[in-house]
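Peer 1: I would like to see how this sequence folds:
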Amino acid sequence: MTTESTEAKHSGVVHWRWQRLSGVLLLPVALLLVFELAGILGADYSTASAWAGKPLSKLLLVAGFPLLYLHGALGVQVVIEDYVGEPASTRLIKGARVLAATAAIVSVLAVFFAGG
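Peer 2: This is a model prediction of the structure:
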């Protein structure tokens with residue numbers, strides 16, 4: 001077995017583990033967030049801002065956004081690797097990672113600076 005195939009196999013296992021770990025961590029955060037958001041469904045802006053200012057809400061949002069974007073970026077990477085040709089796939093994967101990281105950072109910053 002060559003080093004390249006061993007590295008490729010290791011990379012796949014690591015990717016698989018990160019995908020599962022992010023999914024497991026995201027599940028309780030997402031469920032709590034859904035229950036919290038259901039409580040303010042149809043609320044006006046000031047009520048939603050007050051909700052976003054609560055410590056539990058901030059924790060859920062700050063933990064949820066990066067996990068969501070990590071999990072999504074890993075899933076998009078699998079789809080790109082499986083269905084897009086090699087030269088374009090590397091660029092698309094890098095672009096998806098940059099987009100996901102940027103969205104996660106902006107989302108977390110918005111929690112702290114835009115409301116509550």
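
Peer 1: Going along the chain, name the helices of this structure.
Peer 2: Remark: helices assigned in the chain by DSSP state H are 3-39, 45-53, 55-83, 86-113.

Peer 1: highest average neighbour count across the ones you listed?
Peer 2: helix 55-83 (a mean of 17; mean count of other Cβ atoms under 10 Å). Just so you know, the C-beta spots here come from the backbone N, C-alpha and C atoms, and that holds for glycine as well.

Peer 1: Just want the angle from that one to helix 45-53.
Peer 2: 80 degrees (axes from the mean of the first three to the mean of the last three Cα atoms, to 10 degrees).

Peer 1: The helix-or-strand element of the chain with minimal mean pLDDT to helix 45-53, inter-axis angle?
Peer 2: When the helices and strands of the chain are scored by mean pLDDT, DSSP states H and E, helix 3-39 comes last with a mean of 84. Here the directions of helix 3-39 and helix 45-53 differ by 130 degrees (the same axes, to 10 degrees).
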